[in-house]
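Novice: what follows is a protein structure lacking sequence information:
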C-alpha cells in the first residue's frame, strides 16, 4: 500500500511539471507598450517641394531665407558652393551690368567726355573695344578693376569665415536710403536691387548681341 501511494505521488509531481504556469506575461507587455508610446515617432521622409520659378524641378533648400529667392538654381550650384558667395557674385555682376547698360547706350546716343582724343572719333560701343585695346585704354581699365577686385576680395573672405557681413554690403549709402529704416523696408530695397540686377544682366546681354548683329545705332533694330 505504501509503495502504491509513493508511486502515485511521483506521477502527480511529474505531470505538474508540464502544466501551464499560473504567471501571466501581461504586465511585461504593458511595460513594452508604455515604452513604445513614450518613444518619439520617426521623422517622416521629406516631401518633394517644387521650385516656384521652375515647377518641374525640386526647390533648392539652401536658397531659403535670401531676399529675392524664387528657387532658381537649375544646376544646383547652391548644393556645393556657399550661397553667400553666389549672392555676392550675383550682386556684383548685376551692379556692373546696370552701369554697362547706361554706358553702352550713352555712347551710341552721342554722349562723349570732352576733349575726345582724335583716335576715338566716330567710334560706337561695339567698335570702341578694339580701338581702346590698341591705344592702351583697356589695359588701364583692367589694372584698376583688378586692384578693386583684390581689395574687395578681403571682405568676401572675411564674410565666408563668419564675419557677419552680408553679401554685397560695402557700407555704401551716401544718400541715406537705408538710414533709420525697419528690417522690412531694408529687405524691400534689397529686393528692388536684386530685381534690377537680374534685369540688367539680361538686358546687357541682349543689347550687345543686337548691337553686333545690326551694327546700327541705338536701339539696334
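Specialist: Now that the structure is in, tell me what you want to look at. Quantities reported herein were computed from a predicted structural model and do not represent experimental measurements.
Novice: list the buried ones in the strand or helix carrying residue 200?
Specialist: Following DSSP states H and E, one finds residue 200 within helix 183-214. Of the residues in helix 183-214, 190, 193-194, 197-198, 200-201, 203-204, 207-208, 211 count as buried by neighbour count, 16 or more other C-beta atoms under 10 Å. In short, each C-beta sits where N, CA and C put it, glycine included.
Novice: pull the distance from that helix to the chain's centre.
Specialist: On the basis of C-alpha atoms, centre = their mean, to the nearest Å, helix 183-214 sits 18 Å off its chain's mean C-alpha point.
Novice: just checking, what packs against it?
Specialist: helix 83-108 (3 or more C-beta pairs under 8 Å, 6 or more residues apart in numbering; DSSP states H and E).
Novice: can you give me the buried ones in the helix it packs on?
Specialist: Buried residues in helix 83-108 (16+ other C-beta under 10 Å): 83-88, 90-95, 97-98, 100-101, 104-105, 107-108.
Novice: what is the burial count for residue 151?
Specialist: Counted by other C-beta atoms under 10 Å, the residues lying close to residue 151 total 9.
Novice: helix, strand, or coil at it?
Specialist: Put simply, residue 151 is helix when judged by DSSP: H, G, I helix; E, B strand; the rest coil.
Novice: mind picking out the helix or strand in the protein with the poorest mean pLDDT?
Specialist: helix 2-16 (a mean of 47; mean pLDDT, DSSP states H and E).
Novice: in the protein, where is pLDDT below threshold?
Specialist: Applying pLDDT under 70 to the chain picks out residues 1-41, 43-46.
Novice: make it 50
Specialist: Residues of the chain meeting the criterion pLDDT under 50: 2, 4, 6-31.
Novice: now do the contacts for residue 85.
Specialist: 156, 160, 167 (C-beta atoms under 8 Å, 6 or more residues apart in numbering).
Novice: can you flag the buried ones in the residues you listed?
Specialist: Buried members of the contacts of residue 85, scored by 16+ other C-beta under 10 Å, are 156, 167.
Novice: turn the contacts of residue 85 into a markdown table, columns for secondary structure and distance to residue 144.
Specialist: Below are the contacts of residue 85 laid out as a markdown table (DSSP: H, G, I helix; E, B strand; the rest coil; distance: C-beta to C-beta, whole Å):
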| residue | secondary structure | distance to residue 144 |
| --- | --- | --- |
| 156 | helix | 19 |
| 160 | helix | 25 |
| 167 | coil | 23 |
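Novice: okay, angle between the helix holding residue 200 and helix 83-108 too, please.
Specialist: Interaxial angle, helix 183-214 versus helix 83-108 (axes from the mean of the first three to the mean of the last three C-alpha atoms, to 10 degrees): 50 degrees.
Novice: any idea how far residue 80 is from the spatially closest residue to residue 90 that is not a sequence neighbour?
Specialist: Distances taken as C-beta to C-beta, 6 or more residues apart in numbering put residue 197 closest to residue 90, at 6.6 Å, once the chain neighbours are dropped. Distance, residue 197 to residue 80, using C-beta to C-beta, to the nearest Å: 23 Å.
Novice: residue 153 now?
Specialist: From residue 153 to residue 80 the distance is 20 Å (C-beta to C-beta).
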